[in-house]
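In: build me a model from this:
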Amino acid sequence: MSDPHPAHTGRPPEREDKRTFLQKVVEFIHPGPDSTEELIETLAEAEDNEVIGAEARVMLERVIRMADMTAGDVMVAAPRMDLINIEAPFEDLLNLVIHTAHSRFPVYQGERENIIGILLAKDLLKLQRAPELNIRALLRPAVFVPESKGLYDLLREFRGNRSHLAVVIDEFGRVAGLITIEDVLEQIVGEIEDEFDIPEDDGDIFGLADHTYRVSGDTSIERVCEAFDVLIQGSDPEEHFDTIGGLIAHEMGHVPKRGEHLQLSGLNFVVLHTKGGAVRWFKVSRAEEPGASSE
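Out: Numbers count the residues shown, from 1 in each chain. This is a model prediction of the structure:
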């Protein structure tokens, strides 16, 4: 006689396969993707079949490709980092914060490699109410990550420790650059717009109320010449540049920073906004106009 209450074997019950015979045959003939590229092709087919929208397909593809990316792939390289010297006068420190318009700054002491913490721009407001405070008291701990750190792991770490910036270290322990949570998220959603971002199809040169112009850094030199009816030439005729931002950076001899200005070919160029070491926007006016060389 069989036992009406069989003993528990400890094994989880097998799930019932609810696929129909036809579904099993189709999956056998058309198996799922075996590689990243096949998966991306499947997403493209899903878009063609209107299963997902174009924006969803692009975002999913970015998420997939991000699996092979590291901090070193998207960081801002060390030469382009805006750092604060803990021993600099307060006025110099304040001017740097204002001109670069960043919200967080690595702080170093002595050599630039010796990063001792992170300063939040908003924390400087505390000095207004309590001038006796020392800058060191405002520093937050710095997060250090290797260049090989995967972006998935880095995003998880950013969320876990609630930090928004990490200093990237190379294999020799030297500072290679920095990366922010925005840099990581932009790999998924595309470039995150800020107050200076304007859609590309809206144009690249805009007239302002004070009779000056806002010009995108990636505007072609030819386009700027046509707009202002001038011939723009650099100091070295042997050098060739496609964009106005590239030419201005070459003429300045360094990565331009917000607030810097240069007069060239009868025009004044004032750096309005930079991102990732490149100029996003200039304020441009004719050199003979008063007050054009400062913003």
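In: count of residues packed around residue 263?
Out: For residue 263, the count of nearby residues is 12 (other CB atoms under 10 Å). To be clear about C-beta, it is placed using only N, CA and C from the backbone, and glycine gets the same treatment.
In: repeat that for the one 10 residues further on.
Out: For residue 273, the neighbour count with other CB under 10 Å is 17.
In: count of residues packed around residue 76?
Out: For residue 76, using other CB under 10 Å, the count is 18.
In: residue contacts, it?
Out: 177-179, 183, 276-277 (CB atoms under 8 Å, 6 or more residues apart in numbering).
In: strands of the stretch 151-295 of the chain, start to end?
Out: Ranges of strands in the stretch 151-295 of the chain, per DSSP state E, counting those that start in this stretch, are 165-169, 175-180, 205-207, 213-216, 261-264, 267-275, 278-286.
In: rank these by pLDDT, which is bottom?
Out: Of all those, the minimum mean pLDDT falls on strand 205-207 (a mean of 82).
In: who's in contact with it?
Out: 198, 213-216, 219, 223-224, 227.
In: what lines up beside it in the sheet?
Out: strand 213-216 (antiparallel) (DSSP bridges).
In: please export the C-alpha coordinates of the strand it pairs with as CSV.
Out: The C-alpha atoms that make up strand 213-216 are tabulated as CSV, following Å, rounded to 0.1, in the frame of the first residue of the first chain:
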residue,chain,number,x,y,z
TYR,A,213,26.7,85.9,-29.8
ARG,A,214,26.9,82.5,-28.2
VAL,A,215,28.9,80.1,-30.4
SER,A,216,29.3,76.4,-30.0
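In: can you pick out the most distant pair from the contacts of residue 76?
Out: 179 and 277 (13.4 Å; CB to CB).
In: neighbour count winner among the two?
Out: In this view residue 179 and residue 277 are compared by other CB under 10 Å, and residue 179 has more residues nearby, 26 against 14.
In: what about residue 35, distance to residue 80?
Out: Distance, residue 35 to residue 80, by CB to CB, to the nearest Å: 35 Å.
In: contact partners for the spatially most central residue of the chain?
Out: What sits nearest the mean C-alpha location of the chain, by CA atoms, centre = their mean, is residue 183, with 3.7 Å. The neighbours of residue 183, taking CB under 8 Å, 6+ apart as the test, are 74-76.
In: which of the contacts of strand 205-207 lies closest to residue 95?
Out: residue 214 (22.9 Å).
In: pretty sure that closest one sits against residue 282.
Out: Yes: counting by CB atoms under 8 Å, residue 214 does reach residue 282; the two are 7.3 Å apart.
In: what is in contact with those two at once?
Out: Contacts common to residue 214 and residue 282, judged by CB under 8 Å, 6+ apart, are residue 272.
In: comparing these two, which residue is more hemmed in?
Out: Neighbours per residue, other CB under 10 Å: of residue 214 and residue 282, the larger number sits with residue 282, 28 against 18.
In: now do residue 153 against residue 168, distance only.
Out: For residue 153, the distance to residue 168 - CB to CB - is 13 Å.
In: who's more crowded, the two?
Out: residue 168 (25 against 12).
In: quick check: the more buried one touching residue 154?
Out: No: between residue 168 and residue 154 there is no contact under CB under 8 Å: 9.6 Å.
In: ok, which stretches of this structure are helices?
Out: Along the chain, counting by DSSP state H, helices occupy 21-29, 36-48, 54-66, 71-74, 90-100, 125-129, 151-161, 181-189, 221-228, 244-252.
In: and the second one with helix 54-66, angle?
Out: Computed by axes from the mean of the first three to the mean of the last three CA atoms, to 10 degrees, the angle separating helix 36-48 from helix 54-66 equals 170 degrees.
In: in helix 36-48, what's buried?
Out: 40, 43, 47 (16 or more other CB atoms under 10 Å).
In: kindly report the same for the fourth one.
Out: Going by neighbour count (16+ other CB under 10 Å), the buried part of helix 71-74 is 71-72, 74.
In: likewise for the last one?
Out: Judged by neighbour count (16+ other CB under 10 Å), helix 244-252 contains these buried residues: 244-249, 251-252.
In: quick check: mean pLDDT of stretch 73-88?
Out: 88.
In: any idea how far that stretch is from the chain center?
Out: 14 Å (CA atoms, centre = their mean, to the nearest Å).
In: between the contacts of residue 183, which is closest to residue 52?
Out: Distances from residue 52 to these, taken by CB to CB, are shortest for residue 74, at 25.6 Å.
In: done for today, thanks.
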